[in-house]
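>>> Sequence and predicted structure below; questions after.
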Amino acid sequence: MKKTFRIENLCCANCARKIEEGIKKIPGVIDAKIVFMTMKLNLEVEDGMLESVLIEAKKIAKKVEPDCEIPA
Amino acid sequence: MTRRQKRDLIRILAAGAFFAVAFFLPLSGWWRAIPFAIPYLIVGFPVLKSAFLSLIHGQWMNETFLMTVASLGAFVLGEFAEGVAVMLFSAVGELFESYAVGKSRNSVAELMTLCPDEATVLRNGAWITVSPDEIAVGETIRVLPGEKIPLDGVVMEGASSLDTRSLTGESLPRDIAVGDPAISGCVNLSGVLMLRVEKEFGESTASKILALVEDATANRAKTETFVASFARWYTPLVLILALFVGIVPPLVLGGWSEWIYRALEFLVVSCPCAVVISVPLTYFGGIGGASRKGILIKGSDRLEALAHADTVVFDKTGTLTRGVFEVTDVRGEDPEHVLEIAALCEQFSNHPIARSLREGWKGELSEERVSAFEETAGFGVSAVVDGQRYSVGNDRWMRMQGFVPMDTETVGTHIFVADAHRCFGVVTIADRLKENAVEALRSLRVLGVRRTVMLTGDSHRAAAGVAEECGVDSYKADLLPADKVLALKEVSDGAKGTVVFVGDGMNDAPVLASADVGVAMGAMGSDAAIEAADVVLMHDDLSALPVAVGVARKTRSIVLQNLVFSIGIKILVMILCATGVANMWYAVFADVGVSVLAILNAMRALSKKS
């Protein structure tokens, strides 16, 4: 399934790239894209995996940029 | 400015003031560290904190961490001013970046004001105001003059004119009356309109366009993929170089502090942000700028493909020509009489050609004057007008009745008119070229499009005339809809760049889809075309095509300039640092200065001028 999330307090394009690469490696993620210009995370995950993926994604975002939030 | 930006600005100004004072204090040696430490902590505190957190997370190859090492390193080496400069200017750069990104986000968001926040709907006999997404298909909404139409609908009551500028870039208002479709995003100019809602909010034109522009940058261009892989390798590579510079030469030559200082300079240059931000920002600007001109480009990849346009293939009817058949020429001893007879004889026929003849005749039609009307499908008609017998039809119809059709030189469909004795006139009916077709083709050529081709299902003769008139390089005629895909493929085989196909989106969806870039024209309100095409020209105006190619080329050249400039300066400064020509200030410029310049350059893509 595909879903779009907003990303908050993401202030650097390079960090966006790093977070995107990290999220792509989470098991269950088919594709992930962070569009820095619109502050959006487009996530495509296997069915039923969304919740666990999102928990991991938030951790990765925090790791790369401590202020960064993904309010679901 | 956002609150966060204001806070950062205050921090920068305060640090800047302390920094300036620190320069003039009459201190020497390590005492100088104290006044410089104040601005350092003021502006650098968030960076230090973030660096510390990153380190805990094991992310040491992180800008904030590297900056912290570089600036603290400068302090340790006694270069206090440089240490502060690294922090201070990177904060300036970051503030600028967030301001610039916010600004271009906003100017694309201006487009978002296409959708009004509320709509007035009739429920239980009263007008109430609700959010447009709560309105269902079939409900009645009211739009007052000055308001934006919130949902696609049909006019039930009232007449007005609409400003479609935000959708199409067209400044001429469009008149609408009862029964006409009203498209969301247009501004109602003069009268009160009652509309029956035809599409719910999410399916309405305005929201679709917004979604399209917003999501466009998710379709990344090759350059962006390149930048992402560049960024992945750049930082580690520069760090290895820094390590090398900091260790190997001093082992041989000595002078550790000098070489470590140079290594720290490398750390300052190691952030790829200038490159990483300026490329998507440019594409975003290009797509946003184009959409304000009524040109929707569905992705950075499409924008890039459009910039490489080498061959432009046009569908004929409805794209180069108006798709409306009109009387273009009347021949005979008395042309007025020829047209009058043709129109009178054809007044009972439903054939499209009959309609064109009737519209071409400026005089009055009269059913009383005509009797004994007979129609032979595929040939023509015969009738008695004012007591005289006439035949009107194609050349075969003339020959069937023993008449010799008159000679014709004009392009189009020929309708002959004969009385009881001979063929005495011919009317030419043709599709007219769009007003700006010639101009558009010329502009494309000026922009560097090498070849233009026209595809049509019409006969060679009709095609040749239109081709010559509008100035396309070549044409392929007699094509069935399925042949057009093959014809396009043939054209593509000979192309050096990308092949752009332009159609009106009516029945050329397969061709639109198989071209490198499919452009649908005049697609306002047509979902199928918006779906199938890569580029949508909202207004049925060919002159938007060279504008689109122009925007794409300009965006592309800004992207290239930024790539070459920012990577070039970084490499140059690294060489100067390694050889000791440059100091930390150069490195700060290569980091922040380049970022700012690249962003300023990227903002040009958004400009209204084409």
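Received the coordinates, thanks. Residues are numbered from 1 along each chain as shown, chains lettered A, B, ... in the order given.

>>> Buried ones in the helix-or-strand element of chain A with minimal mean pLDDT, by neighbour count?
Ranking every helix and strand in chain A by mean pLDDT, DSSP states H and E puts strand A:2-6 at the bottom, with a mean of 85. Within strand A:2-6, the residues scored as buried using 16 or more other C-beta atoms under 10 Å in any protein chain shown are residue A:5. Placement of C-beta: from N, CA and C, glycine included.

>>> Flag every residue of chain A that's near chain B.
Contact residues (C-beta under 8 Å from any C-beta of the partner chain) of chain A with chain B: A:11-14, A:17, A:21, A:33, A:35-38, A:40, A:42, A:62-67.

>>> what sits up against whichever strand or helix holds residue B:330?
Taking DSSP states H and E as the criterion, residue B:330 maps to strand B:321-332. Defining contact as C-beta atoms under 8 Å, 6 or more residues apart in numbering or on different chains, one finds that strand B:321-332 is touched by B:317, B:336, B:338-339, B:352-353, B:356-357, B:359-361, B:406, B:408, B:410, B:412-413, B:417, B:424-434, B:437, B:466, B:504.

>>> what sits against residue B:98?
Neighbouring residues of residue B:98 by C-beta under 8 Å, 6+ apart: A:11, B:2, B:4-5, B:8.

>>> My reading is that it lies in a helix. Confirm?
Yes - under DSSP: H, G, I helix; E, B strand; the rest coil, residue B:98 falls within a helix.

>>> Walk me through the domains of chain B.
B:119-214, B:295-322+B:434-553, B:323-432 (automatic domain parsing).

>>> In chain B, where's the longest helix?
helix B:544-578 (DSSP state H).

>>> any idea of the mean pLDDT for that one?
Mean pLDDT, computed over helix B:544-578, is 93.

>>> In it, which residues are buried?
Using 16+ other C-beta under 10 Å as the burial criterion, the residues of helix B:544-578 that qualify are B:544-556, B:558-559, B:561-563, B:565-567, B:569-570, B:573-574, B:576-578.

>>> Quick check: phi and psi at the residue at the greatest distance from the centre of chain B.
If you look at how far each residue of chain B sits from its centre, by C-alpha atoms, centre = their mean, the farthest one is residue B:387, at 61.1 Å. When read as degrees, to the nearest 10, the backbone of residue B:387 gives phi 80, psi -10.

>>> Residue B:234 contacts residue B:270, doesn't it?
Yes - with contact defined as C-beta atoms under 8 Å, residue B:234 and residue B:270 form a contacting pair (7.4 Å).

>>> List of residues touching the lengthiest helix in chain A?
Longest helix in chain A by number of residues, with DSSP H as the criterion: helix A:50-64. Under the criterion C-beta under 8 Å, 6+ apart, residues A:1, A:3, A:5, A:7, A:10, A:15, A:18-19, A:22-23, A:26, A:28-29, A:32, A:41, A:43, A:45, A:68-70, A:72, B:54, B:57-59, B:62 lie in contact with helix A:50-64.

>>> where along the stretch 301-450 of chain B do the helices fall?
Ranges of helices in the stretch 301-450 of chain B, per DSSP state H, counting those that start in this stretch, are B:335-345, B:352-360, B:395-400, B:437-446.

>>> least reliable of those going by mean pLDDT?
Of all the helices of the stretch 301-450 of chain B, the minimum mean pLDDT falls on helix B:352-360 (a mean of 82).

>>> Residues in a beta bridge with residue B:121, which ones?
For residue B:121, the residues forming beta bridges with it (DSSP bridges) are residue B:128, residue B:141.

>>> deepest of the helices of the stretch 301-450 of chain B, which one?
Ranked by average neighbour count under the criterion mean count of other C-beta atoms under 10 Å in any protein chain shown, those are headed by helix B:335-345 at a mean of 22.

>>> quick check: angle from it to strand B:321-332?
Angle of helix B:335-345 versus strand B:321-332, following axes from the mean of the first three to the mean of the last three C-alpha atoms, to 10 degrees, is 120 degrees.

>>> name the helices or strands packed onto helix B:335-345?
Contacts defined by 3 or more C-beta pairs under 8 Å, 6 or more residues apart in numbering or on different chains; DSSP states H and E place helix B:335-345 against strand B:321-332, helix B:352-360, strand B:370-376, strand B:380-385, strand B:388-393, strand B:413-418, strand B:423-433.

>>> Relative to the whole chain's centre, how far out is it?
48 Å (C-alpha atoms, centre = their mean, to the nearest Å).

>>> contact partners of that helix?
Under the contact criterion C-beta under 8 Å, 6+ apart, helix B:335-345 has outside partners B:327, B:330-332, B:357-358, B:360-361, B:363, B:365-366, B:369-370, B:373, B:381-383, B:385, B:390-392, B:415, B:417, B:424-427.

>>> Contacts only, for residue B:425.
Neighbour list for residue B:425: B:330-335, B:337-339, B:341-342, B:406, B:416-417 [criterion: C-beta under 8 Å, 6+ apart].

>>> how many neighbours does residue B:214 have?
Other residues near residue B:214 number 20, with proximity taken as other C-beta atoms under 10 Å in any protein chain shown.

>>> which element is residue 22 on?
Since no chain was named, I'll use chain A. Counting by DSSP H and E, the element that carries residue A:22 is helix A:13-24.

>>> if you could check chain B rather than the one you did, that'd help
Using DSSP H and E, residue B:22 falls in helix B:3-24.

>>> what do you get for residue B:530?
Assessed by DSSP H and E, residue B:530 sits inside helix B:527-532.

>>> who does the next helix or strand after that helix pair up with?
For helix B:527-532, the following helix or strand on the C-terminal side (DSSP H and E) is strand B:535-537. Taking DSSP bridges as the criterion, strand B:535-537 sits next to strand B:295-297 (antiparallel), strand B:517-521 (parallel) in its sheet.

>>> Put together a markdown table for the ones you listed, with mean pLDDT on each row.
Shown next, in a markdown table, are the strands paired with strand B:535-537 (pLDDT from 0 to 100):
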| stretch | mean pLDDT |
| --- | --- |
| strand B:295-297 | 89 |
| strand B:517-521 | 90 |
